[in-house]
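> Based on what follows, work out the 3D shape:
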Amino acid sequence: MRFDIMTLFPALVDTVLSESIIGRARNAGIIDIHAHNIRDYSKDKHRRVDDTPYGGGKGMLMSPVPIYDCYLDVIDPEKNPCERRRVLYMSPQGAVLTQAKAKEFSENYDNIIILCGHYEGVDQRIIDEIVDEEISIGDYVLTGGEIPACIVVDAVSRLLPGVLSDAECFEKESFSDETLLEYPQYTRPYDFRGRTVPDVLLSGHHANIEKWRAEKALEKTKAARPDLIERRNEISKERD
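As a prediction, this is how the structure comes out:
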């Protein structure tokens, strides 16, 4: 899987995506990540990439021209032979990223191109011209799209074969079925400040352990994310 991130801050992206599991996957050649500096495609002698918005308003808007030139370079077939690609724009106006969406990206594409906005955003025409989908990581506004882009790369990459050591690591996690949070987990020591590990986890009775985990997952979801319980009920009705 190849990721191309069009940004004003490539060093930020490279720093975040060069550590831990994602960094190891890059070094192993399982994923290929390229951060492209949009300023490199500016024709302005000061490398400006923004201008005032038509109609007035606060702040500056990123121009479509250097973004488009950057995009053309990214999809140059001599540099990037991938054919199954998806172009994303990180935006609070987009659909919220879900585990199902991350899975869709991991299974259906071999090149994810991500545009990171800044200032007051980007000219709508570049969105209309090159973007397939706008993606948000939540109902809040950040200073730029770089951190959200890194989150997309992380969420998608960990679903690819070879990135995690064991498929079970993600198959039984929160949101793996889109309806339940993950059950509580424990490790040594047995007693931590008077809080002990539930006895069922020490019993060796796997059926009872799985039952306990399912009950706790449901209990935790009801308390923290009742909206997921509603979704679970809707899915159950559709299946019936």
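
> packing partners for the longest helix belonging to the chain?
Taking DSSP state H as the assignment, the helix of the chain that covers the most residues is helix 206-224. Helices and strands in packing contact with helix 206-224 are listed as helix 226-239; criterion 3 or more CB pairs under 8 Å, 6 or more residues apart in numbering; DSSP states H and E. Where C-beta positions appear, they are placed from N, C-alpha and C, glycine not excepted.

> Let me know the angle separating the helix it packs on from helix 206-224.
Orientation of helix 226-239 against helix 206-224 (axes from the mean of the first three to the mean of the last three CA atoms, to 10 degrees) gives an angle of 120 degrees.

> Can you mark which positions in helix 226-239 are buried?
Within helix 226-239, the residues that count as buried by 16 or more other CB atoms under 10 Å are L228, R232.

> buried stuff in the longest helix of the chain?
Taking 16+ other CB under 10 Å as the neighbour-count basis, helix 206-224 is seen to contain the buried residues I209, W212, R213, K216, A217, L218, K220, T221.

> now the helices: where do they sit in this structure?
Listed from the start of the chain, the chain has helices (DSSP H) covering 10-16, 20-27, 64-74, 99-108, 124-130, 146-157, 168-171, 206-224, 226-239.

> Residues contacting the fifth one, please?
Translated: helix 124-130. Counting by CB atoms under 8 Å, 6 or more residues apart in numbering, helix 124-130 makes contact with M62, P64, I67, Y68, Y71, V87, Y89, L115, E134, all of which sit outside it.

> try it again with 10 Å
With contact meaning CB atoms under 10 Å, 6 or more residues apart in numbering, helix 124-130 is reached by 6, 61-68, 70-72, 74-75, 87, 89, 91, 93, 113, 115, 117, 121, 123, 131, 134.

> Regarding this structure, what is its longest strand?
strand 85-96 (DSSP state E).

> Would you give the sheet partners of that strand, along with the direction of each?
Strands that pair with strand 85-96, judged by DSSP bridges, come out as strand 111-116 (parallel), strand 133-136 (parallel).

> Point out the most buried one among these.
When the strands paired with strand 85-96 are scored by mean count of other CB atoms under 10 Å, the highest mean neighbour count falls to strand 111-116 (a mean of 25).

> Compute the inter-axis angle for that one and helix 99-108.
Between strand 111-116 and helix 99-108, the angle comes out at 130 degrees (the same axes, to 10 degrees).

> now the angle from strand 111-116 to helix 64-74?
Computed with the same axes, to 10 degrees, the direction of strand 111-116 lies at 160 degrees from that of helix 64-74.

> For this protein, give me the ranges with low pLDDT.
Of all residues in the chain, those with pLDDT under 70 make up the ranges 167-178, 240.

> Distance check, the residue nearest to the spatial centre of it against G56.
Residue closest to the mean C-alpha point of the chain, counted by CA atoms, centre = their mean, is V152 at 1.8 Å. Applying CB to CB, to the nearest Å, one obtains 33 Å for the distance of V152 from G56.

> surely G23 meets V16?
Yes - at 9.3 Å, G23 and V16 qualify as touching, with contact defined as CB atoms under 10 Å.
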